[in-house]
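Enquirer: Quick one: sequence and predicted model below, then my questions.
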Amino acid sequence: MSEHQATTHTLSDPQYIEAFLDALFLEQGLSENTIAAYRSDLEKFLLFIKAETSVSSLLAITSQDVEAYLAHRIDKGLKAKSNARAISALKRFYLYWLREKQIAQSPLDTIAQPKTTPSLPKTLSEQEVEALLNAPDCDDPMGLRDKAMLELLYATGLRVTELVGLRMEQVNMRQAVVLVRGKGGKERLVPMGEEALHWIEQFLKKGRGLMIKHATDFVFPSKRGIGMTRQTFWHRIKHYAILADVKSPLSPHTLRHAFATHLLNHGADLRVVQMMLGHSDLSTTQIYTHVASERLKTLHQQHHPRA
């Protein structure tokens with residue numbers, strides 16, 4: 001019996017994975033996307049264990065099995081960031097079953113986290129953001145909705161999932177703030193600013209009623225009158241980027257990154273940006289200071305006579 005095994009295993013490997021994911025959801029309130037990422041990482045590891053080892057159960061593996069898996073991923077050319085995430089998922093999985101007294105020791109105890117270099121978030125210049133925000137046709141209800149969504153996204157730095165899931169009760173027009181329900185069920189109040197407030201008011205007055213086919217409390221309904229998916233909104237962003245001739249790389253979080261970077265470029269306090277983004281750890285927000293400093297270096301080289 002492996003030193004990591006429990007005395008008796010009563011569940012199948014897929015059941016061990018699902019029990020762990022259920023605990024993550026119930027105890028920590030992680031989002032469906034995060035849970036799906038954990039499931040994917042654990043299922044990939046299980047496939048490797050079944051194909052490449054003679055181990056009888058996920059709970060019977062050794063640190064050598066984990067090292068072999070990591071070597072396998074590196075051989076496939078997977079990036080350090082992806083490998084770090086996979087190892088992180090495994091560490092949480094085995095710590096959970098250690099806590100549940102199903103194993104005597106985690107096989108990840110001696111496994112070092114792969115070192116990653118922080119990748120700078122891709123962002124847009126202020127001119128590119130302006131062009132993107134001006135791309136929707138505001139004479140059309142759907143265009144007016146998209147205009148309001150883009151303005152709100154840039155004004156608040158919401159995650160796309162937070163934006164598309166926004167309900168009427170979360171928007172306080174009088175105080176011009178949004179109550180955001182973020183990761184782990186955490187709530188934060190974010191000011192939306194005059195421009196976003198104006199366009200939301202316009203959409204609520206002139207566009208939303210024309211799009212709703214039955215009662216819904218989503219602020220930004222889809223063209224079918226129900227909640228919009230992240231994927232749909234991402235396609236809308238790409239559509240407007242083409243119309244605005246924005247050449248910079250885009251991601252669903254591009255305007256969130258632009259929000260943070262442009263605030264810091266204009267002298268905002270890092271902790272204030274952290275609160276508005278909903279980051280629990282300041283170090284997560286600090287990546288944007290690197291983006292801002294890179295921008296400052298570029299401006300210095302372009303405009304300083306002795307650069």
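Expert: That came in fine, so what should we check first?

Enquirer: the helices in the stretch 101-250 of the chain, which residues?
Expert: 126-133, 141-156, 160-164, 193-206, 208-211, 230-243 (DSSP state H, counting those that start in this stretch).

Enquirer: Just send those helices back as JSON lines, with mean pLDDT too.
Expert: Listed next are the helices of the stretch 101-250 of the chain as JSON lines, based on pLDDT from 0 to 100:
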{"stretch": "helix 126-133", "mean pLDDT": "88"}
{"stretch": "helix 141-156", "mean pLDDT": "91"}
{"stretch": "helix 160-164", "mean pLDDT": "89"}
{"stretch": "helix 193-206", "mean pLDDT": "93"}
{"stretch": "helix 208-211", "mean pLDDT": "89"}
{"stretch": "helix 230-243", "mean pLDDT": "90"}
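
Enquirer: among the ones you listed, which is the most enclosed?
Expert: With neighbours taken as mean count of other C-beta atoms under 10 Å, those reach their highest mean count in helix 141-156, at a mean of 23. Where you see a C-beta, it was placed from the backbone N, CA and C, and this is true even at glycine.

Enquirer: how distant is that one from the center of its chain?
Expert: Remark: helix 141-156 is offset 19 Å from the chain centroid, using C-alpha atoms, centre = their mean, to the nearest Å.

Enquirer: Give me the helices and strands touching that helix, please.
Expert: Packed against helix 141-156 by the contact rule (3 or more C-beta pairs under 8 Å, 6 or more residues apart in numbering; DSSP states H and E) you find helix 126-133, helix 160-164, strand 177-181, strand 187-191, helix 193-206, helix 208-211, helix 230-243, helix 254-265.

Enquirer: Now distance to Lys76 too, for the ones you listed, in CSV please.
Expert: CSV is the format used below for those (distance: least, C-beta to C-beta, whole Å):
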stretch, distance to Lys76
helix 126-133, 35
helix 160-164, 29
strand 177-181, 37
strand 187-191, 39
helix 193-206, 44
helix 208-211, 45
helix 230-243, 27
helix 254-265, 29
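
Enquirer: still on that earlier bit, and Phe20, which of the helices of the stretch 101-250 of the chain is closest to it?
Expert: helix 160-164 (22.8 Å; C-beta to C-beta).

Enquirer: who touches that closest one?
Expert: For helix 160-164, contacts defined as C-beta atoms under 8 Å, 6 or more residues apart in numbering pick out 31, 33, 149, 152-153, 180-182, 218, 220, 227-230, 232-234, 252-253, 256.

Enquirer: circling back to that earlier point, among the helices of the stretch 101-250 of the chain, which comes closest to Arg174?
Expert: Closest among these, once you apply C-beta to C-beta, is helix 193-206, at 9.9 Å.

Enquirer: Give me the contact list for that closest one.
Expert: 138, 141, 144-145, 147-148, 151-152, 154-156, 171, 173, 176, 192, 219-220.

Enquirer: relative to strand 187-191, how tilted is it?
Expert: Counting by axes from the mean of the first three to the mean of the last three C-alpha atoms, to 10 degrees, helix 193-206 points 100 degrees away from the direction of strand 187-191.

Enquirer: any idea of the angle helix 193-206 forms with strand 177-181?
Expert: 80 degrees.

Enquirer: Going by neighbour count, list what's buried in the helix or strand where Phe48 lies.
Expert: Assigned by DSSP states H and E, Phe48 falls within helix 32-52. When burial is assessed from 16 or more other C-beta atoms under 10 Å, helix 32-52 yields the following buried residues: Thr34, Tyr38, Arg39, Asp41, Leu42, Phe45, Phe48, Ile49.

Enquirer: Kindly indicate which of the residues you listed lies nearest Val55.
Expert: Of all these, Val55 sits closest to Ile49, with 5.6 Å by C-beta to C-beta.
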